[in-house]
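Visitor: please find the sequence and the predicted model below.
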Amino acid sequence: LVAHPSPSKPSMVTLVPFVGTSSIALLSSIVIVATLTMATIGKMDVLQQPSADYTSKVAIMGGTGMQGGAAIDLLLEFGVSHSNIRTLTRNANSPAARRLSKEKGISVLEGSQDIGNEEDPEYGQKVEDLREAYARLLDGVECLFALTFTQYDNETREKRLGRILFESIGASPSIKLVVF
């Protein structure tokens with residue numbers, strides 16, 4: 001799958017599918033996810049939907065939020081099976097998480113990225129819990145749409161989260177592509 005600007009309308013993108021190995025299907029899924037964010041904020045229109053058999057396992061972080069939820073919707077629209085998509089959310093019992101699970105058939109895993117500060121007496125356990133949540137999310141997954149818990153007032157915390165996330169990605173032998 002290739003995304004390229006439309007010559008006549010620079011704000012539009014045409015998606016052109018390639019037929020081939022599962023690596024191509026994997027790349028296709030990620031290009032779709034990346035395109036989705038732009039399409040949902042009105043920066044581009046998707047002119048052509050690819051038709052392909054997507055068999056790659058895809059993990060979407062923050063599936064109950066706006067970006068992750070939109071990524072899930074687009075993957076489903078493009079034919080990725082609900083059984084090939086899983087998401088991580090801080091509360092698997094929230095109404096949004098239950099809706100994803102029951103109505104869309106998405107596997108919803110719980111894990112909080114709110115690890116606090118190093119001064120917090122529970123910090124070490126929170127970090128270990130997060131590492132375990134990432135390991136469950138990434139088990140057998142080839143594609144990852146990654147987000148971190150953003151705290152605009154705490155750059156250090158976000159850097160720590162990014163480091164923990166990428167250490168977990170590095171420890172996962174199945175990951176082939178990450179959109180962060």
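Guide: Received the coordinates, thanks.

Visitor: so what's the residue nearest to residue 180 when sequence neighbours are not counted up against?
Guide: Excluding the flanking residues, the one nearest residue 180 by CB to CB, 6 or more residues apart in numbering is residue 146, at 4.5 Å. Quick note: C-beta positions are derived from backbone N, CA and C, even for glycine. Going by CB atoms under 8 Å, 6 or more residues apart in numbering, residue 146 touches 61, 165, 169, 178, 179, 180.

Visitor: buried among those residues? Make that a PyMOL selection.
Guide: The buried subset of these, as determined by 16 or more other CB atoms under 10 Å, is captured in PyMOL by this line:
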select buried, resi 61+165+169+179
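
Visitor: tell me which two of the contacts of residue 146 sit farthest apart.
Guide: Spatially, the most separated pair among the contacts of residue 146 is 165 and 179, at 12.5 Å (CB to CB).

Visitor: for residue 109, grab phi and psi.
Guide: Backbone torsions for residue 109, taken as degrees, to the nearest 10, come to phi -110, psi 150.

Visitor: who does it bridge with?
Guide: On the basis of DSSP bridges, residue 109 is bridged to residue 88.

Visitor: wait, isn't it in contact with residue 133?
Guide: Yes: between residue 109 and residue 133 there is a contact at 6.6 Å, judged by CB atoms under 8 Å.

Visitor: overlap in contacts of those two?
Guide: Both residue 109 and residue 133 are in contact with residue 88, where contact means CB under 8 Å, 6+ apart.

Visitor: hmm, back to that, okay if I get the contacts of residue 146 as JSON lines plus pLDDT?
Guide: Compiled in JSON lines, these are given as follows (pLDDT from 0 to 100):
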{"residue": "61", "pLDDT": "92"}
{"residue": "165", "pLDDT": "91"}
{"residue": "169", "pLDDT": "91"}
{"residue": "178", "pLDDT": "83"}
{"residue": "179", "pLDDT": "82"}
{"residue": "180", "pLDDT": "80"}
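
Visitor: let's see which of the contacts of residue 146 end up in helices.
Guide: With DSSP state H as the criterion, helices contain 165, 169 from among the contacts of residue 146.

Visitor: out of the contacts of residue 146, which one sits closest to residue 77?
Guide: Each of the contacts of residue 146 was scored against residue 77 by CB to CB, and residue 179 proved nearest at 17.3 Å.

Visitor: contact partners for residue 105?
Guide: Applying CB under 8 Å, 6+ apart, we find residue 105 in contact with 82, 83.

Visitor: name the element residue 59 belongs to?
Guide: Applying DSSP states H and E as the criterion places residue 59 in strand 58-61.

Visitor: who are the packing partners of that strand?
Guide: Applying 3 or more CB pairs under 8 Å, 6 or more residues apart in numbering; DSSP states H and E, one finds that strand 58-61 makes contact with helix 22-40, helix 66-77, strand 85-89, helix 123-138, strand 143-145.
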